[in-house]
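>>> got a structure for you, letters missing:
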């Protein structure tokens with residue numbers, strides 16, 4: 001039996017009843033009503049939602065490794081309402097009302113995840129403390145104020161996002177250099193591996209068949225090919241996120257970009273008295289190169305961020321999970337946030353690929369002509385959005401006329417990424433641009449022109 005504890009802090013801290021079940025591989029040719037490729041959040045929420053709505057439907061999930069092996073078991077533990085494309089971009093491609101409907105659905109999804117976890121007895125260390133976007137430079141404070149003003153222009157009130165003064169922000173998280181912050185309640189800190197492994201068990205209790213150790217070699221209308229046999233199903237769902245380029249014909253659908261994470265040892269009470277985060281709000285600051293953190297249920301600080309390179313030809317390999325330069329940078333940034341943790345031991349370092357569509361626009365969809373469905377492209381914000389994707393895919397497959405199937409991400413088609421070496425050059429240039437933008441602001445004392453220009457090419 002393979003030991004997956006090295007995958008992340010989350011895997012290392014799973015209780016035996018969640019860590020140990022490793023399921024059998026596909027035993028040969030099989031027939032199902034729905035075949036789902038990928039045993040992460042998207043695949044499992046889709047399976048769960050299908051059988052919850054129709055207990056007679058025959059659903060299988062095919063996973064190359066084990067359920068939760070990928071980003072679902074390795075992320076930073078934010079169950080958020082974030083969407084990679086801006087609300088302005090979504091509205092341009094649909095309508096103002098549709099864009100607001102999508103944001104409201106994402107807000108509600110956070111509570112939906114918590115409700116299902118409670119109903120299914122999944123102890124994922126749920127703490128809905130919201131998210132603090134800390135402003136630690138004058139330029140970040142300017143962006144914080146712009147963020148709240150922008151939310152108000154779209155009809156979102158104090159109950160959705162509010163501006164905190166420096167003193168109010170410091171009472172929540174005593175980071176250095178605070179000018180203020182924004183706070184949204186629409187996020188929960190979780191133990192992501194507990195959630196994904198518990199969800200797999202909940203789906204099985206309802207009748208879903210999960211095969212692990214089953215590498216899918218191709219997906220086609222009506223069938224999934226594996227080394228162990230062929231699965232035939234009228235509906236085939238691709239839920240492979242950052243691993244999508246490994247499927248023939250999908251090499252340019254998604255760019256896998258690595259996000260890396262660190263975790264401290266459990267911190268003593270006197271350190272937490274200096275830091276705060278009593279409500280376990282997730283946090284970052286408003287720099288351009290994304291970082292993210294949370295206080296875990298056992299008193300650690302988990303802190304991650306971007307900065308690892310995109311690898312040529314969308315390469316996804318275990319060695320890419322380890323970038324010493326990035327880990328050292330994350331540790332330095334965390335100590336800059338909270339000097340009280342400077343001497344704390346870093347007990348876990350890990351990483352993994354997340355999926356970026358060419359237009360930074362997550363989507364779900366179903367081609368009724370072929371029965372081929374998909375969900376993903378979350379750009380690292382999939383813990384919550386995958387639940388909405390799973391419920392939406394279930395409604396599409398079951399032909400249910402619901403509000404979810406009319407949301408503007410349904411059947412959105414992102415363009416393909418450029419061929420190599422243009423893809424490698426473009427993605428890595430973008431990552432370097434965000435890093436340079438932070439340096440430019442520090443030097444010039446003004447909002448970065450680089451960031452404003454580049455935002456048009458990503459989620460803006």
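All right, it came through fine. All of these numbers come straight from a predicted model, not from anything done at the bench. Numbers count the residues shown, from 1 in each chain.
>>> any weak-confidence spans in the stretch 1-150 of the chain?
Scanning the stretch 1-150 of the chain with the threshold set as pLDDT under 70 gives 1-2.
>>> what's the answer for the stretch 301-450 of the chain, then?
For the stretch 301-450 of the chain (pLDDT under 70), the answer is 438-450.
>>> hey, where'd the helices end up in it?
For the stretch 301-450 of the chain, applying DSSP state H, counting those that start in this stretch gives helices covering 324-337, 382-397, 422-444, 449-454.
>>> Burial-wise, tell me which of the ones you listed comes out on top.
helix 382-397 (a mean of 27; mean count of other CB atoms under 10 Å). For the C-beta atoms, the positions are set from N, CA and C on the backbone; glycine is no exception.
>>> can I get the helices of the stretch 301-450 of the chain in JSON lines with distance to residue 287?
Output for the helices of the stretch 301-450 of the chain, formatted as JSON lines (distance: least, CB to CB, whole Å):
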{"stretch": "helix 324-337", "distance to residue 287": "9"}
{"stretch": "helix 382-397", "distance to residue 287": "22"}
{"stretch": "helix 422-444", "distance to residue 287": "5"}
{"stretch": "helix 449-454", "distance to residue 287": "10"}
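>>> Between these, which one is closest to residue 122.
Closest of the helices of the stretch 301-450 of the chain to residue 122 is helix 382-397, at 12.5 Å (criterion: CB to CB).
>>> name the helices or strands packed onto the closest one?
Applying 3 or more CB pairs under 8 Å, 6 or more residues apart in numbering; DSSP states H and E, one finds that helix 382-397 contacts helix 41-53, strand 78-80, helix 96-119, strand 235-238, strand 363-367, strand 372-376.
>>> so the fifth one versus helix 382-397, what angle?
It stands for strand 363-367. Put simply, strand 363-367 runs at 20 degrees to helix 382-397, going by axes from the mean of the first three to the mean of the last three CA atoms, to 10 degrees.
>>> got the angle between strand 363-367 and strand 372-376?
Using the same axes, to 10 degrees: strand 363-367 against strand 372-376 is 180 degrees.
>>> Return the distance of strand 363-367 from the chain's centre.
Here strand 363-367 is found 18 Å from its chain centre; the criterion is CA atoms, centre = their mean, to the nearest Å.
>>> circling back: mind checking which of the helices of the stretch 301-450 of the chain is nearest residue 27?
Per CB to CB, nearest to residue 27 of those: helix 382-397, 24.9 Å.
>>> Check the offset of that closest one from the chain's centre.
13 Å.
>>> I'd like the helices and strands packed on helix 382-397 laid out as a markdown table, including distance to residue 67.
Formatted as a markdown table, the helices and strands packed on helix 382-397 follow (distance: least, CB to CB, whole Å):
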| stretch | distance to residue 67 |
| --- | --- |
| helix 41-53 | 7 |
| strand 78-80 | 18 |
| helix 96-119 | 16 |
| strand 235-238 | 15 |
| strand 363-367 | 20 |
| strand 372-376 | 16 |
